[in-house]
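Engineer: missing the sequence, but the structure's below:
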């Protein structure tokens, strides 16, 4: 109801969000202080910091989708990806830095889903920044205990015969799910398939999209 | 499945920075694969040299983790656990 007049709604119909004119928190001050000291002491430069921020912002789930689509169409690459996902991603030309990646594959019998209960470890160097819900306490605590309920809330209802494998990203490795290739895509090229690979399908909270009929 | 190497996660609750989730301590699983060595994060966290340690992916059944509260007992959970948190065991279940 975009034209109703409520004080808490903007003209576009969305709630106003407070401006957050609060003083800096302790940790925000600490981040600024350390960053300024690193620049002042010549350890890094403002330009290098900006370049890193830009590089991270340029990463997106489209990178992962291209990797998955190639794995669907190139059996040798799929084998390489399952053996060493970091090396395979680099070989495709993605600069993933020092990230150590494991690819886990969904099949007719197995569905994989990724979580980090300790913090919010995510394969940022390939997929970009994680969705907010991935960092939420609810997702992190519930996925290890009731993954099927969590998946159902994402619209993924799995039969009893499917084994759910939860991967808690507790240490040095990061994870990407290779979702099952949707039916009705025989003969499709990797370029045609990549748009079917969603971010959530690579976390395991979604499935790859079905081709439009 | 006789080739499975079962491991129990130490049930200790030490203070400080630890990357072994509390819900896995005292639980038994089997080695899914061995990774590393990686520097010990419990030393790195305090600015010390991190001694290299094997990192093992341990696979637990949901039945082992949550008992009768498990949503689906045969589903599994894999987690990366540093070698010094693990002890070899024969039996697949915690006592």
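Structural biologist: Yes, it's here. Keep in mind that this is a model prediction, so the values were computed, not measured.

Engineer: Does residue B:33 touch residue B:59 like I think?
Structural biologist: No - look at residue B:33 against residue B:59 with C-beta atoms under 8 Å: they stay out of range, at 9.4 Å. Every residue, glycine included, has its C-beta placed from N, CA and C.

Engineer: For those two, indicate the residue with more neighbours.
Structural biologist: residue B:59 (19 against 13; other C-beta atoms under 10 Å in any protein chain shown).

Engineer: Shouldn't residue A:102 be within a strand?
Structural biologist: Yes - according to DSSP: H, G, I helix; E, B strand; the rest coil, residue A:102 belongs to a strand.

Engineer: what are the ranges of the helices in chain A?
Structural biologist: Secondary structure of chain A (DSSP state H): helices at A:26-40, A:46-58, A:61-73, A:75-83, A:85-91, A:124-127, A:137-143, A:147-153, A:190-193, A:199-203.

Engineer: What parts of chain A come near chain B?
Structural biologist: By the rule C-beta under 8 Å from any C-beta of the partner chain, the part of chain A lying against chain B is A:100, A:117-118, A:144-149, A:160, A:163-173.

Engineer: Tell me which residues touch residue 41, please.
Structural biologist: As the question left the chain open, I've gone with chain A. By C-beta atoms under 8 Å, 6 or more residues apart in numbering or on different chains, the contact list for residue A:41 is empty.

Engineer: if you could check chain B rather than the one you did, that'd help
Structural biologist: A:171, B:17, B:19, B:50, B:82.

Engineer: Let me see the backbone angles for residue A:93.
Structural biologist: phi 110, psi 10 (degrees, to the nearest 10).

Engineer: related to what we said a few turns ago, same list (the helices of chain A) but as CSV, adding mean neighbour count and mean pLDDT.
Structural biologist: Below are these laid out as CSV (neighbours: other C-beta atoms under 10 Å in any protein chain shown; pLDDT from 0 to 100):
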stretch, mean neighbour count, mean pLDDT
helix A:26-40, 11, 97
helix A:46-58, 11, 95
helix A:61-73, 23, 98
helix A:75-83, 15, 98
helix A:85-91, 19, 97
helix A:124-127, 22, 95
helix A:137-143, 16, 97
helix A:147-153, 18, 98
helix A:190-193, 16, 98
helix A:199-203, 23, 98
